[in-house]
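Participant: Kindly return the folded structure for what I paste below:
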Amino acid sequence: MEFPSTQQLNLFRKERVVSFYRYVLVDDPAGFREELLRQFTAWQILGRIYIAREGINAQISVPEPYVADFIAFVRRHPLLGEEVLLNWAVEQHGISFQKLKIKLRPRIVADGIDDPEFMFSRKGIYLDARGFNELTDRSETIVVDMRNHYEYEVGHFERALQVPADTFREQLPLTVEMLKGYEHRPIVMYCTGGIRCEKASAWLLHNGFREVYHLRGGIIEYVRQVREKGLPNKFHGKNFVFDARMGERVTDEVIGRCYQCGRPSDRQVNCRNDACHMLIIQCEECARRYEGCCSEACREVIHLPAEQQKLIRRLAARMQPAFCNARVRRQQSLMANLKDMVQQGQWTLYLSHQR
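Facilitator: Alright, predicted model coming up:
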């Protein structure tokens, strides 16, 4: 007798997706991890959780029968409690996660901050959706998006400034540099669920900015509030989310553009070539033309013999740049060079120079 796989069972799963975080001192991260693993496994919760001494960051899916139990657990837990904002997904379709991963990290958000005088407790002022709308209606207010480029490309707030960096660690000093000279202006920061802009708001205050705000609960909570209260919506397009859904539709506007042909599109996919796997915007027509790949070079790679593909993956792991949109062409050129190198037998020369 054959038993259904986990993936098959998930087809019948009814769940609610929720994200939450809290910056709080965790004396025993390993013990906290074991507690969550034991309880969440019993409730069949799936998702991704990071725990550090500075707090917890979680994106999970909770089966509907256990939602009430989960909420009660959060509210009574000494490291979570009433202060934690549970950001329930505004759009739910399909299965978001395939397993539960709870990892210990040095930080719940990698920030690169090593200044001993930095006080995270001195953070910016929280804004709800109404307050965000009112403050961003003022012409002197500067709105800063603290997400990655691929999140910004498919959806963002009106007048939002993009910080063009690959990681949050790089964004923090760059944000200070970009806003230099505007220390007296009101600064409003936002991100997906609030965790990045909360830390960023404290960093701006530490660097001499005087009036800093951040959107509590991020875009997810903002959208919920504007829909519930009938407020004007200032977010346009799709909100990128870090699970299998990849995005929540906020408005019908398509503000992104296909990386390959430039037509309007917000269909985000990872390149089918595993040696590349770059996240791109790709319209349906280009998906057919390039067979799900980001470039002609990657399309050629997926048709190479398995051993050559394996070798290209090995080489790419050593050479691959980060996925900033400014580096897309460089990534595609890299893949073309790797393909030629492997086919011409030059890869051994390259590896010898790396030792």
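
Participant: Near Leu161, how many other residues are there?
Facilitator: 18 (other C-beta atoms under 10 Å). All C-beta spots, glycine's among them, are computed from the backbone N, C-alpha and C.

Participant: Doesn't it belong to a strand?
Facilitator: Yes. Counting by DSSP: H, G, I helix; E, B strand; the rest coil, one finds Leu161 located in a strand.

Participant: quick one: low-confidence ranges for the stretch 51-200 of the chain?
Facilitator: 90-96 (pLDDT under 70).

Participant: for it, what spans make up the strands?
Facilitator: 55-63, 87-88, 100-104, 125-127, 142-145, 155-157, 160-162, 187-190 (DSSP state E, counting those that start in this stretch).

Participant: list the helices and strands the fourth one packs on?
Facilitator: So the one you mean is strand 125-127. Secondary-structure packing of strand 125-127 (3 or more C-beta pairs under 8 Å, 6 or more residues apart in numbering; DSSP states H and E): strand 212-215.

Participant: Give me the contacts around whatever helix or strand comes next after the strand it packs on.
Facilitator: Using DSSP states H and E, the helix or strand that follows strand 212-215 in sequence is helix 218-229. With contact meaning C-beta atoms under 8 Å, 6 or more residues apart in numbering, helix 218-229 is reached by 19, 85, 87-90, 128-130, 132, 155, 190-195, 197, 215, 217, 231-233, 235, 239, 241, 248, 250.

Participant: Mean confidence (pLDDT) on helix 218-229, please.
Facilitator: Mean per-residue pLDDT for helix 218-229: 93.

Participant: what's the following helix or strand after that helix?
Facilitator: strand 235-240.

Participant: coming back round to it: out of the strands of the stretch 51-200 of the chain, nearest to Phe118?
Facilitator: Among those, strand 55-63 comes nearest to Phe118, with 15.5 Å by C-beta to C-beta.

Participant: Would you enumerate the residues in contact with the closest residue in space to Glu170 that isn't next to it in sequence?
Facilitator: Of all residues not flanking Glu170 in the chain, Gly112 sits nearest, at 7.8 Å (C-beta to C-beta, 6 or more residues apart in numbering). Applying C-beta under 8 Å, 6+ apart to Gly112 gives the contacts Arg169, Glu170, Leu172.

Participant: Just give the number of residues close to the first one.
Facilitator: What it means is Arg169. Neighbour tally, Arg169, other C-beta under 10 Å: 14.

Participant: got it, and Val301?
Facilitator: Residues near Val301, counting by other C-beta under 10 Å: 26.

Participant: Help me confirm that it comes into contact with Ala275.
Facilitator: Yes. If you go by C-beta atoms under 8 Å, Val301 and Ala275 touch, sitting 6.4 Å apart.

Participant: Of all the strands of the stretch 51-200 of the chain, which one is nearest Ser201?
Facilitator: Ser201 lies closest to strand 187-190 among those, at 5.4 Å (C-beta to C-beta).

Participant: who does the closest one pair up with?
Facilitator: strand 142-145 (parallel), strand 212-215 (parallel) (DSSP bridges).

Participant: could the ones you listed go into a markdown table alongside mean neighbour count?
Facilitator: Shown next, in a markdown table, are these (neighbours: other C-beta atoms under 10 Å):
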| stretch | mean neighbour count |
| --- | --- |
| strand 142-145 | 21 |
| strand 212-215 | 26 |
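
Participant: which one of those strands lies closest to Gln260?
Facilitator: strand 142-145 (24.5 Å).

Participant: which residues touch the closest one?
Facilitator: Residues contacting strand 142-145 (C-beta under 8 Å, 6+ apart): 136, 151-152, 156-163, 175, 179, 182, 185-191, 197, 200.

Participant: And the buried ones among the residues you listed, selectable in PyMOL?
Facilitator: Buried residues among the contacts of strand 142-145 (16 or more other C-beta atoms under 10 Å), as a PyMOL selection:
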select buried, resi 136+151+152+156+157+160+161+162+163+175+179+186+187+188+189+190+191+197+200
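
Participant: any low-confidence regions in the stretch 201-350 of the chain?
Facilitator: For the stretch 201-350 of the chain (pLDDT under 70), the answer is 242-247, 317-350.

Participant: Quick one: the helices in the stretch 1-150 of the chain, in order.
Facilitator: 6-10, 29-42, 67-76, 129-136, 149-154 (DSSP state H, counting those that start in this stretch).

Participant: hey, which of those helices is tucked in deepest?
Facilitator: helix 149-154 (a mean of 21; mean count of other C-beta atoms under 10 Å).

Participant: Mind giving me the packing neighbours of it?
Facilitator: Using 3+ C-beta pairs under 8 Å, 6+ apart, helix 149-154 sits against strand 160-162, strand 235-240, strand 279-281.

Participant: I'd like those laid out as CSV, including distance to Glu291.
Facilitator: Formatted as CSV, the helices and strands packed on helix 149-154 follow (distance: least, C-beta to C-beta, whole Å):
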stretch, distance to Glu291
strand 160-162, 31
strand 235-240, 24
strand 279-281, 14
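
Participant: Of all the ones you listed, which one comes closest to Val74?
Facilitator: Across the helices and strands packed on helix 149-154, closest to Val74 is strand 235-240 (C-beta to C-beta), at 22.8 Å.
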